[in-house]
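[1] Sequence first, then the predicted structure, then my questions.
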Amino acid sequence: MPAPPGPAAPPADESTPGPASAPAAPDAGQSSAPRTAAPAVAPVAGGSGGEAVAAVSAGRGGGAPTSLSPSRASDFMQCPLLYRFRVIDRLPEKPSAAATRGTLVHAVLERLFDAPAGERTAPRAKALIPGQWDRLRESRPEVTELFADDPDGERLAGWLAEAERLVERWFTLEDPTRLEPAERELFVEAELESGLRLRGIIDRVDVAPTGEVRIVDYKTGKAPRPEYAEGALFQMKFYALVVWRLKRVVPRRLQLVYLGSGDVLTYDPVPADLERVERKLHTLWEAIRQATETGNWRPRPTKLCGWCDHRAHCPEFGGTPPPYPLPVTAVESGTG
């Protein structure tokens with residue numbers, strides 16, 4: 001069965017990966033900066049999602065988790081306490097230059113498809129950057145803090161130039177004049193039979209004339225080393241599971257486009273893959289539920305702690321978490 005048109009995946013390079021939800025890690029593969037999600041459940045063949053987004057994972061304003069996104073699932077696997085700080089406590093985080101640039105590049109690539117196919121050129125894409133940066137500053141004024149100590153604008157100019165290089169590199173990996181996305185920045189949500197709700201926002205959905213679906217995600221970081229490829233694909237398999245449960249169609253191809261290193265990673269899932277992901281997510285959600293009810297959110301120290309905004313609240317660094325805002329309704333198994 002032919003795949004939707006697109007480049008074959010070149011071999012993964014040997015550059016160090018940025019974990020999907022690392023707290024502001026430099027060159028992180030995926031930006032964790034907020035993006036604006038569409039407010040409704042969107043099927044694959046429905047209307048376009050929203051603007052640049054970060055996955056939604058719980059009710060606005062904190063409280064007990066009600067759903068799971070790829071980013072927040074990765075947070076919990078990386079460090080349960082980080083998940084608590086982000087989802088339940090909603091502690092503020094400083095904007096990251098790398099994550100904000102990722103948001104900007106995503107917005108540019110989304111808006112480029114507004115133009116007729118023949119006008120989707122690298123110069124036109126780069127010309128969108130100033131306007132999208134202005135729009136980002138209007139919607140998220142906190143990003144101006146990134147350049148508060150840059151009176152002559154030199155750092156900002158370099159940052160914008162790097163965004164231009166990332167946008168230009170995309171044209172060496174895909175040809176937008178031959179693409180007509182079915183969806184861009186598509187918000188999807190599915191409720192599993194267990195009641196677990198999965199949410200996320202897909203950068204791009206391509207549908208071949210034969211009806212086969214390709215899910216595409218842009219990364220502004222570098223491609224992972226081969227031994228880390230499975231972790232990088234977790235987000236994509238999550239999206240594929242949501243699409244499968246919504247439309248009863250297994251996407252033909254999952255594609256990660258790494259603008260930082262100029263690589264494309266592809267994977268063709270089968271139902272057994274997605275069933276394994278579903279079981280993993282149920283196990284993960286049960287662990288989140290237990291932590292929510294017991295209030296026991298354990299830190300998991302790693303080298304990523306150096307980039308975390310919440311060390312002042314982390315016991316591993318001598319800090320104290322804020323008072324737990326939810327009622328403790330259960331005692332952790334094995335405690336007296």
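    Arrived safely, thanks for sending. Given the structure is predicted, the values throughout are model-derived calculations rather than measurements. Residues are numbered from 1 along each chain as shown.
[2] now Val250, nearest residue through space, not along the chain?
    Excluding its sequence neighbours, the residue lying closest to Val250 (CB to CB, 6 or more residues apart in numbering) is Trp244, at 5.3 Å. For every residue, glycine as well, the C-beta is placed using N, CA and C.
[3] So the one you found lies in a helix, does it not?
    Yes - counting by DSSP: H, G, I helix; E, B strand; the rest coil, Trp244 is located in a helix.
[4] count of neighbours near it?
    21 (other CB atoms under 10 Å).
[5] just Leu81 next, same as before
    Counted with other CB under 10 Å, the neighbours of Leu81 add up to 25.
[6] Glu191 versus that one, what's the distance?
    Going from Leu81 to Glu191 by CB to CB, to the nearest Å gives 28 Å.
[7] And for Glu185?
    According to CB to CB, Glu185 and Glu191 sit 22 Å apart.
[8] now the helices for the stretch 51-200 of the chain?
    70-78, 80-83, 97-112, 122-139, 154-173 (DSSP state H, counting those that start in this stretch).
[9] would you turn those into CSV with distance to Asp203 and mean pLDDT?
    Compiled in CSV, the helices of the stretch 51-200 of the chain are given as follows (distance: least, CB to CB, whole Å; pLDDT from 0 to 100):
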stretch, distance to Asp203, mean pLDDT
helix 70-78, 12, 96
helix 80-83, 23, 98
helix 97-112, 7, 98
helix 122-139, 15, 98
helix 154-173, 12, 98
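[10] Arg279: which of those is closest?
    The minimum distance between Arg279 and these falls on helix 70-78, with 13.3 Å, by CB to CB.
[11] Could you pull up the mean pLDDT of stretch 215-227?
    Mean per-residue pLDDT for stretch 215-227: 95.
[12] Could you tell me the end-to-end distance of it?
    For stretch 215-227, the separation between the terminal residues is 22 Å (CA to CA, to the nearest Å).
[13] chain center to that stretch: distance?
    Relative to its parent chain, stretch 215-227 has a centroid offset of 11 Å by CA atoms, centre = their mean, to the nearest Å.
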